[in-house]
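Student: Here is my input, please return the structure:
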Amino acid sequence: MNYAKELGYRIKLLAIAQLDDLLELHVSPTLVRIGEPLAEVREAYNAVSVVGDAVGRVFFHGLGAGQMPTASAVVADLIDTAVGRTRLTFRTLQLWSKQEARVTMGDHSRVQGRYYMTYDNVSGDHSGLKLRQENLLGSYDLFLPVGDTTKLFGGGSLGVTKLTQDSPGASRDTDYGYAYGLQAGVIQDITDKASVELGYRYLRTNAATEVGAHGGPKDGTLRLTSSAQTYLAASYKF
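Tutor: Got it, this is the predicted structure:
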């Protein structure tokens, strides 16, 4: 949670329902940018954010736990059941019945995403020092289709980093640390199995190396607190 805060987000457990051709329902921890109304819901408060075709986004916020709010919700459900509103709702939608439902539930597998691991090795000069950063990351992305063959992706990464300082005339030094961050980009399908993607990844790390001449005392410490990469990749499904 502290890592998410450093990146400008809060982690919220969201239940999401989306109705297109099918009704999709899922619950998952989600990164919500600080300043968004959902990110500011805390303690005993609950919130519902609804997006309508004409009205746009509507936000409902109020107490969802505690003695009186819980009692009110239970009594409301009992009243709905007693007067027949609950039965009417289920009969109207025809959910979980032997009749054909008016709303078709989507398969969870339609919510597309990917888990993957990456290794990257990046070298460069910094203030006359030769540095190499190696990252081994586990990542997860969610996909947002924006066309028949194009989709956006976004997600998070967590792993380890290795920082090596190997400058001419200086003592070689290596340090290991953690790495975490976010990535986003666009994927373009070329064929059913081949695609290309353009992405951007931002990482926070805690690796540091010592700098000093061969056989001499340490002159200082170089800390790598963040890094960013823009990449172009090609993928093929076997």
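Student: buried sites along whichever strand or helix holds P29?
Tutor: In this assignment (DSSP states H and E), P29 forms part of strand 23-33. Neighbour counts over strand 23-33 (16 or more other Cβ atoms under 10 Å) mark 24, 30-32 as buried. Glycine gets a C-beta too; all of them are placed from N, C-alpha and C.
Student: again, but for stretch 37-52
Tutor: 38-39, 41, 47.
Student: Please name the nearest non-neighbouring residue to the residue nearest to the spatial centre of the chain.
Tutor: The centre of the chain sits closest to G155, judged by Cα atoms, centre = their mean, with a distance of 3.6 Å. Spatial nearest neighbour of G155, chain neighbours left out: D141 (3.6 Å); criterion: Cβ to Cβ, 6 or more residues apart in numbering.
Student: Any chance you could list what contacts stretch 49-64?
Tutor: 37-38, 41, 44-48, 69, 73 (Cβ atoms under 8 Å, 6 or more residues apart in numbering).
Student: Please name the residues that touch P168.
Tutor: Contacts of P168 (Cβ under 8 Å, 6+ apart): K130.
Student: my read is it is in a strand, agree?
Tutor: No. In this structure, P168 is coil, not part of a strand, as judged by DSSP: H, G, I helix; E, B strand; the rest coil.
Student: that older thread, elements contacting the strand holding P29?
Tutor: On a contact count with 3 or more Cβ pairs under 8 Å, 6 or more residues apart in numbering; DSSP states H and E, strand 23-33 meets strand 9-19.
Student: If we use 10 Å, what do you get?
Tutor: If contacts are counted by 3 or more Cβ pairs under 10 Å, 6 or more residues apart in numbering; DSSP states H and E, strand 23-33 sits against helix 2-6, strand 9-19, strand 150-165.
Student: How far off centre is the longest helix seen in the chain?
Tutor: Assignment by DSSP state H gives helix 67-83 as the longest helix of the chain. On the basis of Cα atoms, centre = their mean, to the nearest Å, helix 67-83 is displaced by 35 Å from the centre of the chain it belongs to.
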